[in-house]
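Enquirer: Please work out how this folds:
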Amino acid sequence: MKPHMAKGSRSRSAVPGRLSGWAPATALLLAVTTSCTGSAPGSGAVVGKPGTAGVGDRLFPALGNGGYDVVHYGLTLDYVPETNHLKGTAVITARATEDLSRFNLDLSGLRVRTTTVQGARAKVACSGDEMLVTPAKTVRNREVFKTVVTYDGTPRTLKDGDGGMEGWIETDDGSTALGQPSGSMTWFPGNHHPSDKATYDTTVTVPKDEDGDPYDVISNGELITEEDKGRTVTRHWRTEEPMASYLAHVSVGCFEIHQGGTDDDVPVYVAIDPDEAEDSADVADLVPEIVDWAGKRFGPYPFSSTGAIVDHLPGLDYALETQTKPYFGEAPEETLLVHELAHQWFGNSVTPREWKDMWLSEGLATYAEWLWEEGRGNRSTTEIFEDFYDGTDAESGGIWAFPPADPPSGGRVFDPPVYGRGAMVVHKLRRAVGDETFFDILRTWTRQHRHGNADTRQFIALCESKSGKDLTALFHTWLFDKKKPSRM
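Expert: Numbering: from 1, shown residues only. Reported below is the predicted structural model:
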């Protein structure tokens, strides 16, 4: 993620117009109740124990659930933009990590109609954003099991801990779903923590408009099928590489579609709202250029397609690295496009294990901007570093508020220290180990943890292993120390 107004400062105003779904909440305790009806378990002895509600993340303790790992989400959605009504069926394939007598799913603000586990009706109880599922039979450790949830309602827009909008957001001609950090629970049930990545099939049916023209539906991955059923159109998108749920995305609206490819023949799919077309004229050409540029520095592009979505959502004031196609609420500046595409390596393929490790995503993506600016013949990375240190860069405000690797709360995880000071850590590392070792570290990092999760401890260990140096003092001073370091 990178805000438009100021890096890390996600101060955003409400979107005028069609925001009837607004429901103020926080990322830790969302003031939305999920309703559940009509499910009952079978009889039999209860064996095993309940999975935990939440994975114990220090910054977002309520997110995610214990006892299982999701392998695949099959999401089938029917959406009517005029009424903002959503009907969904989620087929969740998971592997148990213990004997489970019951388990939790994260879901906010939608009514559950039926739930089955391994084909048998399950008992469901809901409280806040937790959906407690008791299967008819205990799910055994290591068993691959399938949970099917049917649900419907008006998906909500949430106000997260730093004041920004997320979740299901209505636009002037449709809607968009943005999930960082907790918004994905507003449109499908799941294990909504970055540590549990899965593959996705997302199938969305939308009506045609009053002129008989179909709404466009854009999602992650590749478009598999498109079926015109007369009054409706159904599109099926597939994501074959693992994805954290906060990166899952659907945009419904009217878009101009541009398709092409990178030099390495990675398909490029760019969708641009007509209202942003004039100011986004170079986006379709910049996407493959940036992906090719980044691949030479960070390693091979990690997904089977790339692209971007430029919507018309004035007031959003941030962009999000939704997997394979980063989302922009308006025409992006060049460096913003670089930032979100760099996330495809840092954040999407290599995903932070916990939210406190987000500097590994945002700091490295911000440093990619610095590298791009240097490569364009503007300021060098050293000059940018100095401007941040002196406070003369427009985006340097607030970077000394806390150490990048230790945000004080979940609401601060997208604040300036995670971005600007995070990038300064990366630059100090580069200066300490030299360019050859530095870029070897980045390419090794993206190769070793491709499509997985990693944390700060692993990154430091790799840096020391590759450089043969004790970097304890560097990381302590720039990454963990609360006070502003000396310039040296």
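Enquirer: Identify the residues contacting H192.
Expert: Taking CB atoms under 8 Å, 6 or more residues apart in numbering as the criterion, H192 is in contact with L63, G64, D106, G179, S182, S184, M185, S245, Y246. Every C-beta, even on glycine, is put in place using the N, C-alpha and C of the backbone.
Enquirer: And the furthest pair within those residues?
Expert: Among these, the pair separated by the greatest distance (CB to CB) is G64 and G179, at 13.0 Å.
Enquirer: where do the helices sit along the protein?
Expert: Counting by DSSP state H, the chain has these helices, from start to end: 283-298, 334-342, 359-375, 381-390, 416, 422-433, 435-448, 456-467, 472-475.
Enquirer: Apart from its chain neighbours, what residue comes closest to the residue nearest in space to the middle of the chain?
Expert: When the chain is reduced to its mean C-alpha position, the closest residue under CA atoms, centre = their mean turns out to be L247, at 2.6 Å. Counting by CB to CB, 6 or more residues apart in numbering, Q323 is the residue found nearest to L247 once chain neighbours are left out, at 4.2 Å.
Enquirer: For R447, see how far away the one you found is.
Expert: Here Q323 is placed at a distance of 18 Å from R447 (CB to CB, to the nearest Å).
Enquirer: With T322 instead?
Expert: Here T322 is placed at a distance of 23 Å from R447 (CB to CB).
Enquirer: Among these two, which residue is more densely surrounded?
Expert: Between T322 and R447, counted using other CB atoms under 10 Å, T322 has the larger neighbour count: 31 against 14.
Enquirer: one step back: what about the residue nearest to L247, how many residues nearby?
Expert: A total of 29 residues lie near Q323 under the criterion other CB under 10 Å.
Enquirer: ok, now the one 10 residues further on?
Expert: By the criterion of other CB under 10 Å, E333 has 13 neighbours.
Enquirer: same thing with R111?
Expert: Applying other CB under 10 Å, we find 16 other residues in the vicinity of R111.
Enquirer: For it, give the beta-bridge partners.
Expert: S35, D152 (DSSP bridges).
Enquirer: Could you do N104 as well?
Expert: Residues in a beta bridge with N104, per DSSP bridges, are L132.
Enquirer: list the contacts for it?
Expert: If you count contacts by CB under 8 Å, 6+ apart, then N104 has G51, T52, A53, N65, E130, M131, L132, V133 around it.
Enquirer: swap the cut-off to 10 Å and go again
Expert: 50-54, 64-68, 127, 129-133, 189, 191 (CB atoms under 10 Å, 6 or more residues apart in numbering).
Enquirer: swap in W345?
Expert: The contact partners of W345, taken as CB under 10 Å, 6+ apart, are 291, 294-295, 297-303, 361, 364-365, 368, 442-443, 445-446, 450.
Enquirer: and these, which are buried?
Expert: Buried members of the contacts of W345, counted by 16 or more other CB atoms under 10 Å: 291, 294-295, 297-299, 301-303, 361, 364-365, 368, 442-443, 445-446.
Enquirer: Find the nearest non-adjacent residue to G420, please.
Expert: Distance criterion CB to CB, 6+ apart; nearest residue to G420, sequence neighbours excluded, is I399 at 4.0 Å.
Enquirer: any idea how far that neighbour is from P417?
Expert: Computed as CB to CB, the I399 to P417 distance reads 5 Å.
Enquirer: How about F298?
Expert: Applying CB to CB to F298 and P417 gives a distance of 23 Å.
Enquirer: Residue ranges in the protein under the pLDDT threshold?
Expert: Residues of the chain that meet the criterion pLDDT under 70 lie in 2-47, 161-162, 488.
Enquirer: now the strands for the stretch 201-350 of the chain?
Expert: Defined through DSSP state E, counting those that start in this stretch, the strands belonging to the stretch 201-350 of the chain, from first to last, are 216-219, 222-228, 232-243, 250-253, 256-261, 267-272, 306-310, 318-320, 327-328, 350-352.
Enquirer: how about those in a markdown table, adding distance to E374?
Expert: Supplementary listing: the strands of the stretch 201-350 of the chain in a markdown table, determined by distance: least, CB to CB, whole Å:
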| stretch | distance to E374 |
| --- | --- |
| strand 216-219 | 33 |
| strand 222-228 | 34 |
| strand 232-243 | 30 |
| strand 250-253 | 33 |
| strand 256-261 | 27 |
| strand 267-272 | 25 |
| strand 306-310 | 23 |
| strand 318-320 | 22 |
| strand 327-328 | 23 |
| strand 350-352 | 23 |
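Enquirer: can you tell me which of these comes nearest to K137?
Expert: Closest among those, using CB to CB: strand 232-243, at 28.2 Å.
Enquirer: what angle separates the closest one from strand 222-228?
Expert: Between the axis of strand 232-243 and that of strand 222-228 there is an angle of 170 degrees, by axes from the mean of the first three to the mean of the last three CA atoms, to 10 degrees.
Enquirer: Can you tell me which helices and strands strand 232-243 packs against?
Expert: strand 68-80, strand 198-207, strand 216-219, strand 222-228, strand 250-253 (3 or more CB pairs under 10 Å, 6 or more residues apart in numbering; DSSP states H and E).
Enquirer: which stretch among those comes nearest E354?
Expert: Of all the helices and strands packed on strand 232-243, the one in closest proximity to E354, counting by CB to CB, is strand 68-80 (15.8 Å).
Enquirer: Pull out the buried positions in the closest one.
Expert: Judged by neighbour count (16+ other CB under 10 Å), strand 68-80 contains these buried residues: Y68, V70, V71, H72, Y73, G74, L75, T76, L77, D78, Y79.
Enquirer: Noted, bye for now.
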